[in-house]
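Colleague: Predicted coordinates and the sequence they were generated for:
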Amino acid sequence: MRLQPFLTLMSAFVGAAALVLTGCHGSSSRSEKGLTPVRLQLDWYPQPELGGFYTAQMLGYYQGEGLDLSIVPLPQYGSVAQIVATGKAEFGLGSSVDMLEWDSNGLPLLAVAATMQHDPQAVMVHADSPIRNFKDLDGHTIAAQTGAVWLKYVIARYNLDHVREIPATRSIASFLADPGYVQQIFVTSEPFFAREAGVKVRAMLISSSGYDPYRVQFTTRDFAAQHPDIVAKFVRASIRGWQQYLSDPGPTNALLLKLNPALNPAQEAYTAQALRDGGFITGDGGSNEQVGKMSAARWQVTCDQLKSLEIVPGSFDPATAYSLQFTQ
């Protein structure tokens with residue numbers, strides 16, 4: 001699900017994946033410690049946008065809750081939903097849009113906390129582009145994630161009749177070469193690389209269009225029902241980890257650099273600052289927005305948007321896709 005500017009990321013990550021997995025405790029040591037083993041399936045590779053989970057693991061917050069957490073990067077052709085639904089991991093990461101789609105399609109998954117109050121995905125254009133708002137996208141070609149729901153929403157909301165979509169790549173090379181290029185990005189990542197290449201850019205957060213899903217942590221409904229204490233412990237430790245990461249990302253960034261050699265310190269610092277400046281994890285301090293929190297109203301708005309796009313049935317109840325009990 002993550003767009004990434006590195007062409008060399010896959011090869012660079014092979015060794016890092018092994019390091020992540022071998023760094024986890026084996027089953028015997030878990031038993032000796034008396035901790036409950038649980039797995040968190042990431043939706044991408046180790047990076048600062050996932051820093052709070054690594055902070056909580058590194059500083060022993062999960063262990064303090066009686067959990068022995070393994071953090072598992074996404075396999076090259078893996079599906080987080082299927083991995084969690086089939087019991088190969090107890091927890092996974094996704095978005096509230098994912099949850100609503102999965103749940104409406106019969107996957108019994110349950111969001112238990114927000115990782116991000118607002119998604120940092122955006123549309124990036126060159127600084128001198130005539131595109132100043134979403135309405136201005138009409139008549140342009142947009143490099144976007146295949147099947148991007150946000151683009152369907154923007155096209156419908158702004159009555160865009162002449163938008164051409166092409167698949168986004170894991171590189172900003174085409175963007176750098178073409179002053180008219182329009183690309184879906186993460187504001188916590190791609191603008192850094194454009195700046196490093198000497199190209200000035202502007203970005204429009206997709207959330208400013210009114211399409212504003214959470215990024216979430218989820219498990220299965222059965223696991224939440226059978227082990228509410230474990231879910232609560234995982235959520236508490238994760239929230240604490242994110243609070244600490246935002247306060248002092250340096251130690252975790254050093255760890256991430258070892259786990260993912262495709263990163264670099266300047267990029268990590270940029271991302272951590274962008275996460276803080278944008279309030280993506282903490283929210284704006286109002287409307288019940290704080291680390292981990294979710295609201296039924298926000299879920300309903302997102303569900304209504306998906307219904308209007310005929311992505312979920314009109315009779316679908318969004319309350320089956322999330323629980324607020326673990327962040328009260």
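Modeller: It's in.
Colleague: In the stretch 1-150 of the chain, where is pLDDT below threshold?
Modeller: With pLDDT under 70 as the threshold, the stretch 1-150 of the chain has low-confidence stretches at 1-32.
Colleague: quick one: the strands in it?
Modeller: Taking DSSP state E, counting those that start in this stretch, the strands of the stretch 1-150 of the chain run over residues 36-41, 67-72, 91-95, 109-116, 121-126, 141-144.
Colleague: Show me the one of the ones you listed that comes nearest Pro251.
Modeller: strand 67-72 (15.8 Å; Cβ to Cβ). In short, each C-beta sits where N, CA and C put it, glycine included.
Colleague: Does the closest one pack against any helices or strands, and if so which?
Modeller: helix 9-22, strand 36-41, helix 51-58, helix 228-247 (3 or more Cβ pairs under 8 Å, 6 or more residues apart in numbering; DSSP states H and E).
Colleague: now that strand against strand 91-95, angle please.
Modeller: Interaxial angle, strand 67-72 versus strand 91-95 (axes from the mean of the first three to the mean of the last three Cα atoms, to 10 degrees): 50 degrees.
Colleague: partners of strand 67-72, with directions?
Modeller: Looking at strand 67-72 with DSSP bridges, its partner strands are strand 36-41 (parallel).
Colleague: If you count neighbours, what's buried in the partner strand?
Modeller: By neighbour count on 16 or more other Cβ atoms under 10 Å, the buried set for strand 36-41 is 36-41.
Colleague: next one: stretch 108-125
Modeller: Neighbour-count burial for stretch 108-125 [16+ other Cβ under 10 Å]: 109-125.
Colleague: now it: how far from the chain's centre is it?
Modeller: 5 Å (Cα atoms, centre = their mean, to the nearest Å).
Colleague: for that stretch, how far is the first residue from the last?
Modeller: 39 Å (Cα to Cα, to the nearest Å).
Colleague: on contacts alone, who are the packing partners of the helix or strand harbouring Ala194?
Modeller: In the assignment (DSSP states H and E), Ala194 maps to helix 190-196. Counting contacts by 3+ Cβ pairs under 8 Å, 6+ apart, helix 190-196 packs against strand 121-126, helix 173-177, strand 201-205, helix 265-278.
Colleague: Pro313 is nearest to which of those?
Modeller: strand 121-126 (25.5 Å).
Colleague: is it true that Tyr211 touches Ile155?
Modeller: No: assessed by Cβ atoms under 8 Å, Tyr211 is found out of contact with Ile155, at 11.1 Å.
Colleague: the more surrounded of these two?
Modeller: A direct count of neighbours by other Cβ atoms under 10 Å for Tyr211 and Ile155 places Tyr211 higher, at 23 against 19.
Colleague: Excluding residues flanking it in the chain, which one is nearest that one?
Modeller: Tyr153 (4.5 Å; Cβ to Cβ, 6 or more residues apart in numbering).
Colleague: mind listing what that neighbour touches?
Modeller: Counting by Cβ atoms under 8 Å, 6 or more residues apart in numbering, Tyr153 touches 209-211, 305, 309.
Colleague: Could you do Ile172 as well?
Modeller: By Cβ under 8 Å, 6+ apart, the residues touching Ile172 are 5, 183, 185, 190, 193-194, 197.
Colleague: Could you let me know which of those residues ends up closest to His227?
Modeller: Of the contacts of Ile172, the one sitting nearest to His227 (Cβ to Cβ) turns out to be Ile185, at 37.4 Å.
Colleague: A helix includes the closest one, no?
Modeller: No: counting by DSSP: H, G, I helix; E, B strand; the rest coil, Ile185 is not part of a helix but strand.
Colleague: I figured it hits Met204, correct?
Modeller: No: using Cβ under 8 Å, Ile185 is not in contact with Met204; the gap is 10.2 Å.
Colleague: Comparing those two, which shows the higher neighbour count?
Modeller: More neighbours surround Ile185 than the other of Ile185 and Met204, with 25 against 20 (other Cβ under 10 Å).
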